[in-house]
Each structure stands twice: as C-alpha cells, then as structure tokens.
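sequence isn't available, so here's the structure alone:
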C-alpha cells in the first residue's frame, strides 16, 4: 500500500492498556511528549486510570495533532481462515464491524469490559479461556496469528494470539476491551490503517512496546524496565532527553514513557507507513502493528 507519511504531529503519546476487571486498571499508563527531544511525561490521574477515563482523554483531553499508540491488538486474525470466526453466521466482515459486535454483546459489562463476549456461545469456541477451556476453533498452541503478528515473529519478536486469554503474556483481554473503545470513538479519531493517515489532526495506531524497547537497545526477552536509570539509558539511545528522578518505576509507566519517545523518533520513517505485507484487505480486516515492516 502507498501511504502518506504524516509530518504534522506536535505530540506523541503512548497508552499501556489493560484488560483487567474492575473500575480502575492499574496496568493503564499514559505518557506524552512534544515534538523535539524533550523528555516524555506521565499523565497522572487521581485514583488511577480506567478504560472509560482513557476513552474520555482520547476523545476530549488529548492535544490536537497527537500521534497516539495503544498497546493492544486492534483486531483478530482473519486472513488465515477468511473470517474472524469461521462457521459463525454472524462473523463480522471487517474490523469496524468486529468492534461494533464486541461492544454490542458486552454492552452491559461495566467498565468497558468484554466478559460477555468472551463467554458468548459462538465467540467462545475461538478463544482459549481460563480453567482449561479451549474452544474447538481455537487452533491449538499459541493460537491463530494476524499477518502483522506473523511478521513480528519473523523479526524476532514473541507475539501471542489475540484469541488467547490465558497467561501473563496474553493480550487478548486488552484487545477486546480496546475494541469497545475503538467502536465508541467511531468518527471522532482516525485509526490507522483502518483509516488513512491524515494530513492534519490526531491519529491512533497499534503499538507493541517490546518493539520500542528493542529499538532502544533492550535485549529480546528482557524488554521490561523497572528503574528510572534503566529507562533513561533507553531514552537516550533513541534521542530523547531523560526523565527526572531516580529509583524504581513500574514497568507499565516505563513502557508508556519509552514508547511515546519511540513514536516521536520513528514516525517520520516512510517504510513504517507502507509495510510490504499490508494490503487493502488486511488494512480493512486485521489492521497492522505500527513499526513492523
């Protein structure tokens, strides 16, 4: 796909997402930095972030002209079997219809959770859930992968299927809750590559924080940072001013801070906006992880 390389962004933000239950998700962290080399900053929220608060910030609080990355999967595998949910008559035709379906079925779940969708009689056949419950359509092993996740593996990363909802490395719950947010943002913000990159205004992309950490010199398999000192080494390696302070930092905050700065450094690269494997059909159905070429 030929893509416009947007060069108008004045801010770069990253959100480390969470699919956890409850009114507040400790795993959500939001960081932002301005154009240039200034240090990224955490955006604090009294009492912590919730998914609803993050939705409100994206819709109404984020500065105009922000490129914002969300650390979650914006869609599910489609290309490998020609459908998100093969055998289900209501399987959506594209990602936007998928977001709408997840939000509709989970409408009564509080705090933008997606528990009802996970337990839906048809959808659940495709998930690996807790308690050894693996749907007959799950596919075994790590589960089905999107095209961009296959590319991630070829580049030495370690993605898990968004249909896997079990284990510390799973991102399925985050992805499904994020889809509810994407549906509720419909028409408010463009979301790449489902929408083309705009010539002005803000834009959402999917990110993989490990990709930013590796680009900043962290070893594969050791991408998490839990001290300010370690974070600052990574920030300096990608051309960012270090943050102030010293001592411990939670890995969610470190991921968000580093990835915001990484977006600022890497967004001008044309090849990241037109990866070789990204076709029009994949852009409509599976989407893509920004930074994977």
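Right, received. Where do you want to start? In this text the structure is predicted, and so the values were computed from the model without any measurement.

next one: residue 60 from residue 115, what distance?
27 Å (C-beta to C-beta, to the nearest Å). Backbone N, C-alpha and C define where each C-beta goes, glycine included.

what are the boundaries of the helices in the stretch 51-200 of the chain?
Remark: helices assigned in the stretch 51-200 of the chain by DSSP state H, counting those that start in this stretch are 51-56, 95-105, 115-118, 147-154, 172-184.

adding distance to residue 211 and mean neighbour count, write the ones you listed out as a markdown table.
Formatted as a markdown table, the helices of the stretch 51-200 of the chain follow (distance: least, C-beta to C-beta, whole Å; neighbours: other C-beta atoms under 10 Å):
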| stretch | distance to residue 211 | mean neighbour count |
| --- | --- | --- |
| helix 51-56 | 21 | 18 |
| helix 95-105 | 21 | 20 |
| helix 115-118 | 27 | 18 |
| helix 147-154 | 8 | 19 |
| helix 172-184 | 16 | 25 |
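
centre of the chain to the top helix by length along the chain, how far?
Scanning the chain for the longest helix, with DSSP state H as the assignment, gives helix 251-266. Helix 251-266 sits 13 Å away from the centroid of its parent chain (C-alpha atoms, centre = their mean, to the nearest Å).

follow-up on the earlier one: any chance of the helices of the stretch 51-200 of the chain in JSON lines with mean pLDDT and distance to residue 133 as columns?
As requested, the helices of the stretch 51-200 of the chain are exported to JSON lines (pLDDT from 0 to 100; distance: least, C-beta to C-beta, whole Å):
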{"stretch": "helix 51-56", "mean pLDDT": "98", "distance to residue 133": "24"}
{"stretch": "helix 95-105", "mean pLDDT": "98", "distance to residue 133": "18"}
{"stretch": "helix 115-118", "mean pLDDT": "96", "distance to residue 133": "10"}
{"stretch": "helix 147-154", "mean pLDDT": "95", "distance to residue 133": "23"}
{"stretch": "helix 172-184", "mean pLDDT": "97", "distance to residue 133": "13"}
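
export those to TSV and tack on distance to residue 265?
Shown next, in TSV, are the helices of the stretch 51-200 of the chain (distance: least, C-beta to C-beta, whole Å):
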stretch	distance to residue 265
helix 51-56	24
helix 95-105	28
helix 115-118	36
helix 147-154	20
helix 172-184	24
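
ok, which of those comes nearest residue 75?
Nearest to residue 75, of all those, is helix 95-105, at 4.4 Å by C-beta to C-beta.

which residues outside that closest one are in contact with it?
Applying C-beta atoms under 8 Å, 6 or more residues apart in numbering, the contact partners of helix 95-105 are 74-76, 84, 90, 92, 114, 116-117, 120, 123, 176, 179-180, 182-184, 186, 194, 284-287.

next, the angle from that helix to helix 172-184.
100 degrees (axes from the mean of the first three to the mean of the last three C-alpha atoms, to 10 degrees).

helix 95-105: how far from the chain's middle?
Offset of helix 95-105 from its chain centre (C-alpha atoms, centre = their mean): 17 Å.

equivalent analysis for stretch 71-88, please.
That offset, for stretch 71-88, works out to 16 Å (C-alpha atoms, centre = their mean).

avg pLDDT for it?
Averaged over stretch 71-88, pLDDT sits at 97.

please name every helix or strand in contact with the longest helix of the chain.
Contacts defined by 3 or more C-beta pairs under 8 Å, 6 or more residues apart in numbering; DSSP states H and E place helix 251-266 against strand 11-16, strand 29-34, strand 41-42, strand 66-71, helix 209-215, helix 228-237.

quick one: mean pLDDT for that helix?
Averaged across helix 251-266, the pLDDT comes to 97.

contacts for the very next helix or strand once past that helix?
Remark: after helix 251-266, the chain's next helix or strand is helix 280-285, criterion DSSP states H and E. Here helix 280-285 makes contact (C-beta under 8 Å, 6+ apart) with 1, 75, 78-79, 84, 93-95, 147-148, 193-194, 288.

among the residues you listed, which pair sits farthest apart?
Across the contacts of helix 280-285 (C-beta to C-beta), the longest gap, 21.2 Å, separates 1 and 84.

quick check on those two: which one has the bigger neighbour count.
residue 84 (24 against 15; other C-beta atoms under 10 Å).

ok, the more buried one touching residue 77?
Yes: if you go by C-beta atoms under 8 Å, residue 84 and residue 77 touch, sitting 7.2 Å apart.
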